[in-house]
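Dropping a prediction and its sequence here:
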Amino acid sequence: MEIQYIKYGTEEYKESIILRDEVLRIPWGRSIKEDDLTLEDGFDILIGGFINNKLKGVIVLHPLDENEIQIKYLAVSKDSRGLGIGRKLVLETEKYALNNNYKKIFLESRDTAVNFYKELNYIVIDKPFMPEFVPILHIPMIKDI
């Protein structure tokens, strides 16, 4: 797998929207078109995992302040799950955070992914909650870098 940083507006960015929609929205009767993606232009950081030049996973990072960055989205295509793509994208996120002087990585994990993040030493910091945009429990988690 090859890791590439994705720039807003590129073909790879458009592929990331399709992948995020297929994995994170459509299964719950939603559309990513309902999301405000304008913050991703010049502010959010997108990292893609590619196999044979095809986007198979994407992680979107959002700086919260000078010390903390958030994993907003992590999506891996159904046909590529179990290959370690998500893990490699999280590890690349941690490398990015260290290189840019962030001290913490925050995320709101879907309940189905909590153990994945726990294996990477993220800890639960609050009670589960149900966001408006998708009807699945989310659990706040954090990792000190």
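Right, received. Where do you want to start?

When you work out contacts or count neighbours from here on, use the C-alpha atoms and nothing else.
Noted.

In this protein, which helix is the longest?
Criterion DSSP state H: the longest helix present in the chain is helix 85-99.

Please state the offset of that one from the chain centre?
Mean-position distance between helix 85-99 and its chain equals 10 Å (Cα atoms, centre = their mean, to the nearest Å).

Quick check: buried residues in that helix?
85-90, 92-94, 96-97 (16 or more other Cα atoms under 10 Å).

all strands in the chain, in order from the N-terminus.
For the chain, strands defined by DSSP state E occupy the ranges 2-6, 45-51, 54-63, 68-76, 104-110, 123-124, 138-144.

could I get those as a markdown table with distance to Ile32, mean neighbour count and mean pLDDT?
Compiled in a markdown table, the strands of the chain are given as follows (distance: least, Cα to Cα, whole Å; neighbours: other Cα atoms under 10 Å; pLDDT from 0 to 100):
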| stretch | distance to Ile32 | mean neighbour count | mean pLDDT |
| --- | --- | --- | --- |
| strand 2-6 | 18 | 16 | 98 |
| strand 45-51 | 16 | 21 | 98 |
| strand 54-63 | 14 | 22 | 98 |
| strand 68-76 | 12 | 21 | 97 |
| strand 104-110 | 17 | 21 | 98 |
| strand 123-124 | 27 | 18 | 99 |
| strand 138-144 | 18 | 20 | 98 |
